[in-house]
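Participant: kindly generate the corresponding structure for this input.
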Amino acid sequence: MGRDLIIIGLALVVVGLLWDAWAGLRGPGEWALRVGDVRIHVLWAASLIVSVVLSLLVWLFRR
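Facilitator: The predicted model follows:
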């Protein structure tokens, strides 16, 4: 159990670092919504990638 938590924590750190690196990039998977003075960025492609990676990690640890 402890080893799994450490690995999950390290995976989250790596995802956080990659997320920070991707924040400066504007790709085709980003939508920018502007309502008045409010701008909302939706990173659906990055969210999908993170979701797939985390799902694979959970699947591997449950085997």
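Participant: would you mind listing the outside residues contacting stretch 9-17?
Facilitator: The contact list for stretch 9-17 (Cβ atoms under 8 Å, 6 or more residues apart in numbering) reads 50, 53-54, 57. Where you see a C-beta, it was placed from the backbone N, CA and C, and this is true even at glycine.
Participant: those residues in helices, which ones?
Facilitator: 50, 53-54, 57 (DSSP state H).
Participant: low-confidence ranges in the chain?
Facilitator: Applying pLDDT under 70 to the chain flags residues 21-29.
Participant: if we go to 80?
Facilitator: Low-confidence segments of the chain, defined by pLDDT under 80, are located at 1, 16-33, 39-47, 63.
Participant: how about the strands of it, start to end?
Facilitator: Counting by DSSP state E, the chain has these strands, from start to end: 30-35, 38-43.
Participant: quick revisit: of the contacts of stretch 9-17, keep whichever come out buried.
Facilitator: Neighbour counting with 16 or more other Cβ atoms under 10 Å marks Leu57 as buried within the contacts of stretch 9-17.
Participant: turn the contacts of stretch 9-17 into JSON lines, columns for distance to Val15.
Facilitator: Conversion of these to JSON lines gives the following (distance: Cβ to Cβ, whole Å):
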{"residue": "Val50", "distance to Val15": "6"}
{"residue": "Val53", "distance to Val15": "7"}
{"residue": "Leu54", "distance to Val15": "8"}
{"residue": "Leu57", "distance to Val15": "10"}
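Participant: looking at the contacts of stretch 9-17, which is nearest Asp20?
Facilitator: Proximity to Asp20 was ranked across the contacts of stretch 9-17 by Cβ to Cβ; first place goes to Val50, at 12.7 Å.
Participant: I'd say the closest one and Leu43 touch.
Facilitator: No. Judged on Cβ atoms under 8 Å, Val50 makes no contact with Leu43 at a distance of 9.3 Å.
Participant: is it possible to export the strands of the chain to TSV including mean neighbour count and distance to Leu17?
Facilitator: Supplementary listing: the strands of the chain in TSV, determined by neighbours: other Cβ atoms under 10 Å; distance: least, Cβ to Cβ, whole Å:
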stretch	mean neighbour count	distance to Leu17
strand 30-35	10	19
strand 38-43	11	16
